[in-house]
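> Prediction below, plus the sequence it came from.
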Amino acid sequence: MYIKSVVIQGFKTYKNTTVVEDLSPHFNVVIGGNGSGKSNFFAAVRFVLSDDYSNLKREERQGLIHQGTGSVMSAYVEIVFHDPNGQMMMTSGIPMTEEKLVRVRRTIGLKKDEHSVNGKTCHKSDITRMFESVGFSSSNPYNIVPQGRIVAVTNAKDKERLASLEEVVGAKSFEIKLRESTKKMDATNRDRAKIDTELAELRTRLEELDEERQELEKYQELERDKRIFQFLLYDRELNEVTSQIENLEDEYNQIVQSSEEFIQELSKRETLIANVGKNMESVKAELKVKEATDLLQEKSRLSEVTKTKADLEVRLDEIKRQIDSRRGQKESDARNMAVLEGEINKANSQLDRLLPRFEQLRHEAKGYEEELSNLNRRQREMTSKRGIYSRFSNQEERDKWLDEELKSLEVQATEASSQLSTLSTEKEHLLIDIKKLEEEIAELNDSVRGPGVAAELEDLTASSSEMKRRYLEKIDERKELWRSEQKLQTISESLEDAVKRSERSLSETMDRGLANGLNAVKEIAKRLKLPSGSVHGPLGELIKVNEKYKLSAEAVGGNSLLHVVVDTDETASILMQELYRTKSGRVTFMPLNRLATNFAVSYPDTSQVDCTPLMWKIKYEKCFESAVRHVFGRTLVVRDLGATAKLARDHNLDSVTLDGDRANKKGLITGGYHDYHKKMKLDALKEIKAAKVQFTEASKDLESVRAQIAAADLEIDRVNSELKSHSIRKEAILTNIELLRAKLSKSSAEVTFKKELLKGISAKVEKSNTSINLARDKISRYQVDLERPFEKNLSPEEEQSLQSLVGQMKRLEDPLSTTREALDEVSTRIDLIKAELNLKLYAQKRELEARILATETANQFIRDEEVRSLSEKLKTMTSREQQLSDSVSKIMEEIVALNDEIAANERLQEKGNTQQRVLLKKLDSFQKTAEKSVVKKTTLISRRDEVQQKISEIGLLSEDLLERYQNLESEETLRKLNAVNKKISKMSNINRRAIENFRKFNEKRQEMEARAQELTQSKESIEKLIESLKMQKVEAVEATFEKVAQNFSAIFEKLVPSGAGKLIIHKSAERSKRSETVRNEDSITSTAEEESVDAIYTGVSISVSFNSKNNEQLYVEQLSGGQKTVCAIALILAIQVVEPAPFYLFDEIDAALDKQYRTSVASMIKELSSHAQFICTTFRTDMLQLADSFYRVKFDNKISEIQEVTQQDAMKFTKRRSKMGEL
Amino acid sequence: TTNNGPLAQIWLASNMSHSLSKSVSQHTDIIKSVEEIARVAGCSLDSDIVEPITLRASGELLHGVVRVYSKKTSLLLNDIKDTLTRMTTLFKSAPPNVT
Ligand SMILES: Nc1ncnc2c1ncn2[C@@H]1O[C@H](COP(=O)(O)OP(=O)(O)OP(=O)(O)O)[C@@H](O)[C@H]1O
Ligand SMILES: [Mg+2]
């Protein structure tokens, strides 16, 4: 083994990667100038291989890494060994390369320090051990000799030298191992002592165990007997119990069978009762409707009718009474009228009688008066003539006065005539006025009492009464409608209740989340106003199943019946989100557009096999086919699961029986008892649907009725308003008539006034006429007078005529006064009569007439009409009342009937219930007996199991033993068993596993004792080995020393032919003796061991002479530097011969030698280099001449570099150098 | 030299820093090993080895064999202890006889 190449980088002066390749396995020389880096190269090798560079401080590392321009941070040195013979013991885990190269590398940085072998990181100690295995010790001071260290070898003390010698032999490491081994031995010996004690313990324990074992054996025998007896007993009991169980089972089956019949009966009854209950419920609902609405309504209607009837009656009475009273008045009026008329007639006749007399009287009176007045006038004239003319003295005077008088009379006449003319015009005017007024009055009369107004009024009253009738009719109609609304309301409420009840019963069949969800889906669909075709509702609502297959469908459908069918998945997702948002339950959706519609299902030939596809028995709308198919499509209805299971599986179908037992295609079978009384989803869904339909119908009806009511309301309002307008109009007409009437009366008053005025004017006219006549008379008389001659006194004839005149006048005066008296009388009478007539009788008559007219014209007709209509109404009301009371009584009857029905139903139910109870009681008793028998059975079974268990616990028994005791009586057996038990109980605390344990532990003990034995032997042999190895060591040291000494002498003589050298080993005499005595004693207790074997020797010294072979032996201390070097080289080489190391590095070992020694050293090395590799540095040519490879270190720019050079170049370089040195 | 001889296990036992495996120590015959060591070390009388191994090597081997021995001993001790405890626990679980 040798160093093949060295790679250095960053180490000291070797900044760049420097590779020293192909080192010779024999003799290599390195040359170079001072300070060029040779020593650094050696240092690099030592850096890897020796201990000198271990435990470096930071600064020390710094010193090793190249410093200078562009300094590096880390350095490594790799040494490649060639190991062709595989001498090197590789550390575990590191592979040997194929070229048998071992690359040892050490890398340092400021912080790291790593070793690696063949690229694998490992510990320094591993490397050290590796090298020791090839004989290179990192602590050996002779392998790598640094510059200037060679003399130290010579200068070492004897003891040190001895130590290094021993080191060479390997004694030191042996010593260490030996010490370790002995220590370990001691420790182990302690363990061994423990082993002995433990083993002893074990043995005693085993003995105990053995005792137990024997006891156990005895026990076991007893046990076996016991078991036999027990077995016999148990066996017998088992047989008995088994037969009992069988009996019980028979009994039980019988009970079950009969109870099953009862159960069937019970279920029949239950459905009956349920039906009755349902029926009763509907009857009750009907009753409720009847009681709450129909009856009440009819009653209210009736009372209303009665009330109106009473009203009508009252009114009719009233009217009748009025008519009666009117009639009475009319009669009295007529009577009065007659009386009045009689009176008037009487008065008139009186008047008639009186008037002619009056006329006569007046005429007479007038005649008298005229006569008298003529007479008077004549008298007056005469007297006046006498008087007037007496004043005058002559004619002239008298004429003058007459003229004047005439003139004034003339004026008077004209005045009167003009007055007359004005009066007559006035009269004419008045007449015209009167005529006009009369016309007006006629017109007014016309308009007040005219046929047009009357007709209009009549029309109005007729139409308003018609309207009133209609109004009332409408109100009645509306009332009717209200009633029906109320009724419908009640009905729809009860229906709604029914829907809710059904829904509740449905939700009993599912969990709350689903129920909530279903409700929420409905609500959401309504709230979001999803189109009507989008949410169809639960699947179960959409299908109809044949009654016979309902159980099957229920079983197959399961919760799928409650999956909500929707049109698209979008709808589903909307609903789902909404459900999630409102946190209202979970629902599964079946979007029709997503369900696969085309999965082919082949059904087996149904005509051949006893089965039917379930799909065929379900009715549904075409659009839901996919959903239905999805749930039911893969199921066959079969009569028996077992028979058709295979068939169904062949067709990849599930099958279900009519009882709802199922087998799916994977072979799972579900089934068993199904609670028939529990509500089925399908039923519940169907009920809900029916109830819903009813409910919607009812609500529709309700809606229409409400619409009708609204229409009726409208109509009523319309009629009412019309009626109002009519009455207003009538009112207006009536007021108008009143107004006209007032006007009329005013006009008539005016007419009378005017007539009166006319009368006055006529009188005035008459008066004017008379005054005109008077004036004319006077005028004519005056004119006569004027013609006559003036006479102062009266002529005698005149006096005479005057006298006759007075006589005449006296004659006349009497008849005149009587006439006048008579006239006065008559006229007063006439006046009285007239006054009575005009003021009293006519007025009364007019009044009466007016009254009679009023009663006759205005009221008679209307009253009659009213009476007729009222009586008609009354008639209808009565009939209506009759009708209503009939219907009320009918309803009552119905209610009674319904109540009867309810009662009947209740009785039925009661009966059913009692029957049920009886049945239940019976069933209960059955159950009790069944339970009892079951309990008995279970106890028996448990007993049987127990016994069986016990028998099996007893385990197998030998046949012959059993046979021996087979015929033993049970009592005898029992007795024996007791005896055995007693014995056993005495033997308490039996270790049942004693035998087995004993065997096991005994084996173990034997094995361990064998091992202990073996260990003792081992120990002895090891001790022997230690002894002999100690001896060996001493021998080895001695032998080595001998050899080294021998070689030393030989090599020394070769180096110094004229001198002689010797190595002397010094023994410590007394120590050796003691050691020997110690060795003779037992080494186990020896204390000398620690002091080690080398204590025999105290040191090794060198004794040489350079000039003579025999005398003048000198010790090293006495030699010169060069001589010391020679000695050292000799010693190193001597050791090398004895214990060869694989390689040596010498840095300028020949520096201090003269030519003669150099040559001999070089040849010496050359000789040894055949067995080991040498790498040396030198400044001399001696080595160069003998070496195999040459290397030169160049130092440039503070960086070293190594090159291989030829021998000549090396020689040249060295010679040049030495010359320069000489110069 | 001793890499793959009969003492390979012993050599490893000495060199291995970690503890010995149970099976290795169990299957090593100490006495034979010792004889072999003695033989290669050249200290037995009937030694026919020409060149005995170095002291270093024999030291290593000795150490190895002692380690194996020690291991064996401790194993045995443990075994015995174990057995004893098992027995005592057995006694404990089944109340011991009145002795
Ligand atoms: N860490 C380092 N970085 C750079 N240079 C260094 C370092 N350590 C030492 N040196 C340099 O190395 C040189 C010493 O080299 P070395 O001792 O190998 O010389 P040599 O060839 O053995 O000389 P001589 O013939 O005198 O023995 C010195 O010049 C020194 O400056
Ligand atoms: Mg140097």
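Sure thing, it's come through. Ligands and ions are numbered 1, 2, ... in the order given.
> any idea which element residue A:41 lies in?
Using DSSP states H and E, residue A:41 sits within helix A:38-49.
> Could you show which parts of chain A are in contact with ligand 1?
Within reach of ligand 1 by C-beta under 6 Å from any ligand atom, chain A has these residues: A:12-13, A:32, A:34-40, A:63, A:66-68, A:147. Where you see a C-beta, it was placed from the backbone N, CA and C, and this is true even at glycine.
> Can you turn the buried part of those into a PyMOL selection?
Here is the PyMOL command that selects the buried residues among these (16 or more other C-beta atoms under 10 Å in any protein chain shown):
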select buried, chain A and resi 12+13+32+36+37+38+39+40+66
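> Can you pick out the most distant pair from the residues of chain A next to ligand 1?
Within the residues of chain A next to ligand 1, A:68 and A:147 form the most distant pair, 22.2 Å apart (C-beta to C-beta).
> next SSE after the lowest-mean-pLDDT helix or strand in chain A?
Of all helical and strand segments in chain A, the minimum by mean pLDDT, DSSP states H and E falls on helix A:1069-1080, at a mean of 44. Using DSSP H and E, the helix or strand that follows helix A:1069-1080 in sequence is strand A:1097-1105.
> tell me the average confidence for that following strand?
For strand A:1097-1105, the mean per-residue pLDDT is 77.
> Could you grab the helix/strand/coil label for residue A:586?
Under DSSP: H, G, I helix; E, B strand; the rest coil, residue A:586 falls in the coil class.
> Wondering if the helix or strand hosting residue A:207 reaches chain B at all.
Counting by DSSP H and E, the element that carries residue A:207 is helix A:171-289. Yes: interface with chain B: helix A:171-289 contributes A:171, A:173-178, A:180-181, A:184-185, A:187-188, A:191-192, A:194-195, A:198-199, A:201-202, A:205, A:208-209, A:211-212, A:215 (C-beta under 8 Å from any C-beta of the partner chain).
> who does that helix touch, helix- and strand-wise?
helix A:451-507, helix A:860-954, helix A:959-966, helix A:970-986, helix A:994-1055, helix B:55-93 (3 or more C-beta pairs under 8 Å, 6 or more residues apart in numbering or on different chains; DSSP states H and E).
> Looking at those helices, spot the one closest to residue A:283.
Here helix A:860-954 is closest among the helices and strands packed on helix A:171-289 (C-beta to C-beta), at 5.3 Å.
> Could you identify the least confident member of the residues of chain A next to ligand 1?
Scoring the residues of chain A next to ligand 1 by pLDDT puts residue A:68 last, at 75.
> correct me, but it touches residue A:12?
No: the pair residue A:68 / residue A:12 is not scored as a contact, 10.2 Å apart, by C-beta atoms under 8 Å.
> Please enumerate the shared neighbours of the two.
By C-beta atoms under 8 Å, 6 or more residues apart in numbering or on different chains, residue A:68 and residue A:12 have no common neighbours.
> ok, and what's touching the helix holding residue A:41?
A:3, A:6, A:8, A:11-14, A:20, A:30-32, A:52-53, A:64, A:77-79, A:104-106, A:131, A:136, A:138, A:144, A:146-147, A:1145, A:1147, A:1175, A:1177, A:1193, A:1200, A:1202.
> which of those residues are buried?
Members of these classed as buried by 16+ other C-beta under 10 Å are A:3, A:6, A:8, A:11-14, A:20, A:30-32, A:53, A:64, A:77-79, A:104-106, A:131, A:136, A:138, A:144, A:146, A:1145, A:1147, A:1175, A:1177, A:1193, A:1200, A:1202.
> separation between residue A:348 and ligand 2?
201 Å (C-beta to the ion, to the nearest Å).
> OK, contacts around the residue nearest to that residue when sequence neighbours are not counted?
Take residue A:348 and drop its neighbours on the chain: the residue closest to it by C-beta to C-beta, 6 or more residues apart in numbering or on different chains is residue A:837, 7.4 Å away. Contact analysis of residue A:837 by C-beta under 8 Å, 6+ apart lists A:344, A:347, A:348, A:351.
> now residue A:1103
So residue A:1103 contacts A:1061, A:1062, A:1063, A:1064, A:1113, A:1114, A:1115 (C-beta under 8 Å, 6+ apart).
> What's the nearest residue in the stretch 1-150 of chain A when you look at ligand 2?
When scored by C-beta to the ion, the stretch 1-150 of chain A has residue A:39 as its residue closest to ligand 2, at 3.5 Å.
> Is it correct that residue A:28 is in contact with residue A:1172?
No: Residue A:28 lies out of contact with residue A:1172 (C-beta under 8 Å); the separation is 11.7 Å.
> Looking at those two, which has the bigger crowd around it?
residue A:28 (26 against 21; other C-beta atoms under 10 Å in any protein chain shown).
> would you say that one is within a helix?
No: under three-state DSSP, residue A:28 sits outside any helix and is assigned strand.
> For the residue lying farthest from the centre of chain A, give its distance to residue A:376.
Distance from the centre of chain A peaks at residue A:796, with 161.5 Å (C-alpha atoms, centre = their mean). Going from residue A:796 to residue A:376 by C-beta to C-beta, to the nearest Å gives 22 Å.
> Return the member of the contacts of residue A:1103 nearest to ligand 1.
residue A:1061 (28.9 Å; C-beta to the nearest ligand atom).
> Next, that closest one: phi, psi?
phi -130, psi 150 (degrees, to the nearest 10).
> How many residues are close by it?
Based on other C-beta under 10 Å, the number of other residues close to residue A:1061 is 25.
> if I pick the closest residue to it other than its chain neighbours, what's in contact with it?
Using C-beta to C-beta, 6+ apart and skipping the chain neighbours, the partner closest in space to residue A:1061 is residue A:1052 (3.2 Å). Counting by C-beta under 8 Å, 6+ apart, residue A:1052 makes contact with A:1059, A:1060, A:1061, A:1104, A:1126, A:1127, A:1130.
> Residue A:470 too?
residue A:719.
> The same query, at a cut-off of 10 Å, please.
Residue A:470 sits next to A:477, A:715, A:716, A:718, A:719, A:722, A:723 when contact means C-beta atoms under 10 Å, 6 or more residues apart in numbering or on different chains.
> quick one on the thing from earlier: least confident pick among the contacts of residue A:1103?
Lowest pLDDT among the contacts of residue A:1103: residue A:1113, 66.
> Including pLDDT, neighbour count and secondary structure, could the contacts of residue A:837 go into JSON lines?
Converted to JSON lines, those look like this (pLDDT from 0 to 100; neighbours: other C-beta atoms under 10 Å in any protein chain shown; DSSP: H, G, I helix; E, B strand; the rest coil):
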{"residue": "A:344", "pLDDT": "84", "neighbour count": "19", "secondary structure": "helix"}
{"residue": "A:347", "pLDDT": "82", "neighbour count": "21", "secondary structure": "helix"}
{"residue": "A:348", "pLDDT": "84", "neighbour count": "15", "secondary structure": "helix"}
{"residue": "A:351", "pLDDT": "82", "neighbour count": "16", "secondary structure": "helix"}
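> nearest to ligand 1, of those?
Looking across the contacts of residue A:837 and measuring by C-beta to the nearest ligand atom, the closest to ligand 1 is residue A:344, at 182.2 Å.
> For the residue nearest to residue A:348, which three-state class applies?
Going by three-state DSSP: residue A:837 is helix.
> what's the distance between residue A:926 and ligand 1?
Noted for residue A:926: a distance of 113 Å to ligand 1, by C-beta to the nearest ligand atom, to the nearest Å.
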